[in-house]
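Student: Whatever this is, show me its structure:
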Amino acid sequence: MRQLRFRSSASRAVRLFIIGAILLATLIGNASPVIRGLDNAFLDWRFSAAARSASGNVVYLAIDKQTLDHVGTWPWPRSTYAELLTKLSQIGVDDVFLDIDFSTPSTATEDARLSAALRDAGGGVILPVFRQHQSAGGGVPAIVTQPLGSFADNSWLAFANVALERDGTVRRFELGGFLDERLIQSVASVLSKADPAAGTELIDYSIRPATVPTISLAAVLKPDFDSRSLRGRSVVIGAYATELKDVFPVPVYGQLPGPLIHILATETILQGRILVESFQLPLELAVAAAMIAAALALRTAPAALSFLLAFSLLIGTEAAAFLLQRDQGFVLHTATCWIVVCMALVLTLTEKVDFTQFLAEVANAEQRNIRRLLRKIVTDSTDAVLAFNDRFIIFEESGSARSMLGCGDTGYKGQMLAKAIPSSLHDFVLQLASNHEREPDVAQSAARRFSIELGGSVKHLEATITISPIERPDEAGGSQAATFVGSMMIRDMTARQLYEERLQYLSQHDDLTGLMNRRAFLEHLRNCQQPVYVAVIGLHRFSVLNATMGRDVGDDLLRAVAERLKSDRRIASTGRLGSDVFVVSAVASAFSGHEDCAQAVLSLFDFPLELAERQIRVSARVGICSSITVAKEAYPAIEHAEHALDAAKTVAGSGWRAYDMIAAQQQHRSRELEHAMRESLENGEFFLLYQPQVELRTGALQGAEALLRWNHPQYGMVSPGTFIPVAESNGFICELGRWVLAQVCLEAVTWPGVLTVAVNVAPIQLIRTDLVADVKQALAASGLPASRLHLEITESALVDHSCQVLETIKELRKMGIKIALDDFGTGYSSLSYMTGFPLDKLKIDQSFIGRMTNDQQSLAIVQTVKRLAEGLGLSVVAEGVETEQQWRLLTGMTCEEGQGYFFGKPQPSADLVDLLSKRPWLASA
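Tutor: Coordinates of the predicted model:
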């Protein structure tokens, strides 16, 4: 009896729940995203099922890809729109809507032409007004974008907003809105000549976009266009090409261009298809009440009758909704009806089923399935699984447990856990069980690794043990006795253990030779308790041998070198630092000094190395250092030995060098400068000075040579002789030279027009960079005439890569730039290469100018260079002029220009301009 009352109560609760759900769904209606989505789906289906054609009164002139290719530019000049409007006016179109944003000014000429075309059109052109919100939050004023005043005064303004619904599609259009308390019609209202009104309406998507007359604007722009297709019709001009991104998602058709959506909205008004929506809640409540009553009344009727009545009601409702929407333009939302009918059908079925018994059967079946599934999972697990009770008796095991633990086919089921696992692991399980006794409501879980010997090999296993609390009736059957069930998952970790051991080995040793790597060698040095010598060994020309004899032979050679180094008992430890670089340590007390230790290492290479099929003789170089406190300075010891090896590589053949602190500091300083250069260039720490260049005959200032300087916040003023070689060696001179060119041109353009500027170009700039492009960019950015820019190159640039350099110089001279050969006489001094290069000047090095007053040979060299230059048609610039006597001598030789401290030291650009009027060298003379 109690069970019957329970079942009756449960069934009544289910019925009440379903009735409440029916009423709730009716009250919510379109506020629910699900119901709103279903209603939209039904609405879209009716649109597609009752398709109709456009009236043809509105023509779409599409700015498509063909039009963009025809015009050749985007955005179009406004004169293009002006010409188009003029042509359309001549054709005799009705209204023209330009779906283009004209809210920003163009050039005065372009804007004036469009304004005139709008005025000539007589007010028949519609321009868009857009209303946009700054954010999605409420209370934020809208931003209205409208045409410029000169355009708005000669056209109709219409709102052209295309708004997305909550489902992400465009379903409605505006009839109009307010702008500055003035009602502005929408595009659709203006084109359809509807009465002014505000609000929104549904777009009738039963009107097929494919039936809207669409013409590419490219065809209209052609002279032979047949104008009869447009005469007397309204025209919409707007984007169609996907490149212009004026595309919106819509129902039924996927995506449509914005102008075409405006046309469909216009057609909706023209065809009298403004769809009517009504307040349906009273009707829906009546339907819900009728469905509840019918469901309760039909509980004794056959189920087939209920399904037939429900199906008939839904089909009838949809048919009525379809006819009303197609013929009368009345929208009937039916999604709520569908949901109410389906839920009423469920209510009817619950009266025919003992719901409580049904749920119990489902629960029992699910429980049986879970048991079978768990047993299947345990049995088929690739990991060994043992399940045991609180008496530590195994009651379930996986098939893999037998093979993993080596018990054969008998298994451990029904046996004590202690027989299946090692005693150490069993003790760990007992400890977890003891923890469970102290906290009976908390699951205990932990992992432990262990090893077993099986079949002559050792297996490394990992067990995860879990003690889970459960409850079961005690023997009296009244109260509940707390106990636990245990599980053990055992995974074979042998492969992983070996892999980890291998990784550990590789992290400390070189894979090819088996020697210690840098990290392990450093650790070894830290653990040394007595002074040692650290020697770094580099094989001479190993890369050449590797390339000619093959990588396999190279690998064999490296292994042979490793064995040779390990064979000397005086060497305490051996490592490999890189490709062909080894390192050894030797107890300092075993040798009389650096040389004795280095020679001992070099002597290991006195005999050929034995390979499998040949003997190879190699030579080596050794860098060596010693440390009294190696345990504290392990890394510096190797680093110092590597610095010494760099010095030893300058020695021909085999050789050695000990660590030289001064040389290492110089090298370290060069590296610091190398790292600081890029940051200094970005921070503006490089600057330019200019040394005057004077016409020797008259003393007139001709120009200046730009000299680069570096003022570093930490190192102070860095000499060009220090940082220029570093910049050339690492290639940064290319970027630095590009900056110098640009800066020189910017500063020299402010000088009086008679002054020229000379810039030094490094040889690497001629090879690695596009110097012609860099010069063009610098001249274009500054406005400096090319004739005022002189470039100075060295003799080494002419000797190396002659063909490439020759082409570059020719291109520069075509631009009007003068080319000077710098420091002539100090480099290769070969005349053969000079005949093929188009040069303008020779610069005699200052070393000859400084000695020519006291040294007849230097004087003879200067005179010879001057005659050589005259023969080649080149002018001469003398560097390093420091006295009036030198000036007079050079003038007597008819040298054209000179520069040096006599005329002025390197100075800022502003000071150089002052020299143009002062010329102090004339006063001192």
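Student: Identify the residues contacting residue 131.
Tutor: Shown in contact with residue 131 (CB atoms under 8 Å, 6 or more residues apart in numbering): 142, 143, 144, 145, 159, 161, 177. C-beta coordinates here come from the backbone N, C-alpha and C atoms, glycine included.
Student: so it, which of the three states?
Tutor: When the structure is reduced to helix, strand and coil (DSSP: H, G, I helix; E, B strand; the rest coil), residue 131 reads as strand.
Student: Quickly note the distance from it to residue 239.
Tutor: To residue 239, residue 131 is 19 Å away according to CB to CB, to the nearest Å.
Student: Need the contacts of residue 131 in a markdown table (columns: secondary structure and distance to residue 582).
Tutor: Output for the contacts of residue 131, formatted as a markdown table (DSSP: H, G, I helix; E, B strand; the rest coil; distance: CB to CB, whole Å):
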| residue | secondary structure | distance to residue 582 |
| --- | --- | --- |
| 142 | strand | 76 |
| 143 | strand | 73 |
| 144 | strand | 78 |
| 145 | strand | 74 |
| 159 | strand | 82 |
| 161 | coil | 77 |
| 177 | strand | 84 |
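Student: out of these, who's nearest residue 680?
Tutor: Out of the contacts of residue 131, the one with the shortest distance to residue 680 is residue 143. That distance is 46.5 Å, counting by CB to CB.
Student: Could you work out the end-to-end span of stretch 167-186 for me?
Tutor: Counting by CA to CA, to the nearest Å, the length from the leading to the trailing residue of stretch 167-186 is 23 Å.
Student: Among the contacts of residue 131, which one sits closest to residue 190?
Tutor: When the contacts of residue 131 are compared for distance to residue 190, the smallest value, 9.4 Å, is given by residue 159; criterion: CB to CB.
Student: Check what pLDDT that closest one gets.
Tutor: According to the predicted model, the pLDDT of residue 159 comes to 89.
Student: Can you give me the neighbour number for the nearest residue to it once chain neighbours are set aside?
Tutor: Distance criterion CB to CB, 6 or more residues apart in numbering; nearest residue to residue 159, sequence neighbours excluded, is residue 186 at 4.7 Å. Residues near residue 186, counting by other CB atoms under 10 Å, number 28.
Student: what do you get for residue 226?
Tutor: 11.
Student: One more: the one 10 residues further on?
Tutor: The burial metric for residue 236, expressed as a neighbour count using other CB under 10 Å, is 26.
Student: Okay, it and residue 154: tell me how far apart.
Tutor: From residue 236 to residue 154 the distance is 19 Å (CB to CB).
Student: same question, residue 788
Tutor: In this structure, residue 788 lies at 53 Å from residue 154, with CB to CB as the measure.
Student: Could you do residue 15 as well?
Tutor: Using CB to CB, which is the criterion applied here, residue 15 is 71 Å from residue 154.
Student: what's the answer for residue 161, then?
Tutor: Using CB to CB, one obtains 23 Å as the distance from residue 161 to residue 154.
Student: quick one, which of the two is more surrounded?
Tutor: Higher neighbour count among residue 161 and residue 154: residue 154, with 20 against 17, using other CB under 10 Å.
Student: Could you confirm the more buried one falls within a helix?
Tutor: No: membership of residue 154 in a helix is not supported by three-state DSSP, which gives coil.
Student: Can you check the pLDDT for it?
Tutor: With respect to pLDDT, residue 154 has a value of 85.
Student: Tell me the spatial nearest neighbour of it, not counting adjacent residues.
Tutor: The shortest distance from residue 154 to any non-neighbouring residue, by CB to CB, 6+ apart, is to residue 118 (3.8 Å).
Student: So that neighbour sits against residue 152, correct?
Tutor: No: under the criterion of CB atoms under 8 Å, residue 118 lies out of contact with residue 152, with a separation of 9.2 Å.
Student: Settle it for me: which of the two has more neighbours?
Tutor: More crowded of residue 118 and residue 152, by other CB under 10 Å: residue 118, with 26 against 16.
Student: Assign a three-state SS to that one, would you?
Tutor: Of the three states, residue 118 takes helix according to three-state DSSP.
Student: Next up, the contacts around it.
Tutor: Taking CB under 8 Å, 6+ apart, we find residue 118 in contact with 85, 125, 151, 154, 155.
Student: change it to 10 Å
Tutor: Residues counted as contacts of residue 118 (CB atoms under 10 Å, 6 or more residues apart in numbering) are 81-82, 85, 96, 98, 102, 124-125, 127, 147, 150-155.
Student: now do residue 273
Tutor: Taking CB under 10 Å, 6+ apart, we find residue 273 in contact with 52, 201, 202, 203, 204, 206, 207, 264, 267, 325, 329.
Student: Swap in 6 Å and give it another go.
Tutor: Residues in contact with residue 273 (CB atoms under 6 Å, 6 or more residues apart in numbering) are 204, 329.
Student: quick check, it in a strand?
Tutor: No: secondary structure of residue 273 (three-state DSSP): coil, not part of a strand.
Student: next one: phi and psi at it?
Tutor: The phi and psi torsions at residue 273 (degrees, to the nearest 10) take the values phi -110, psi 30.
Student: Output the below-cut-off pLDDT ranges for the stretch 801-925 of the chain.
Tutor: Along the stretch 801-925 of the chain, segments meeting pLDDT under 70 span 801-802, 825-836, 924-925.
Student: all helices of it, in order?
Tutor: For the stretch 801-925 of the chain, applying DSSP state H, counting those that start in this stretch gives helices covering 802-814, 846-851, 856-872, 884-892, 909-918, 920-924.
Student: Tell me which residues of the second one come out buried.
Tutor: Looking back up the chat, that one is helix 846-851. Using 16 or more other CB atoms under 10 Å as the test for burial, helix 846-851 gives 846, 848, 849, 850, 851.
Student: go on, the first one?
Tutor: Within helix 802-814, the residues scored as buried using 16+ other CB under 10 Å are 805, 808, 809, 812, 813.
Student: Over to the fourth one?
Tutor: Using 16+ other CB under 10 Å as the burial criterion, the residues of helix 884-892 that qualify are 886, 887, 889, 890, 891.
Student: Next: the third one.
Tutor: Within helix 856-872, the residues scored as buried using 16+ other CB under 10 Å are 858, 859, 861, 862, 865, 866, 869.
Student: May I have the residues that are in contact with residue 38?
Tutor: Residue 38 makes contacts with residue 335, as judged by CB under 6 Å, 6+ apart.
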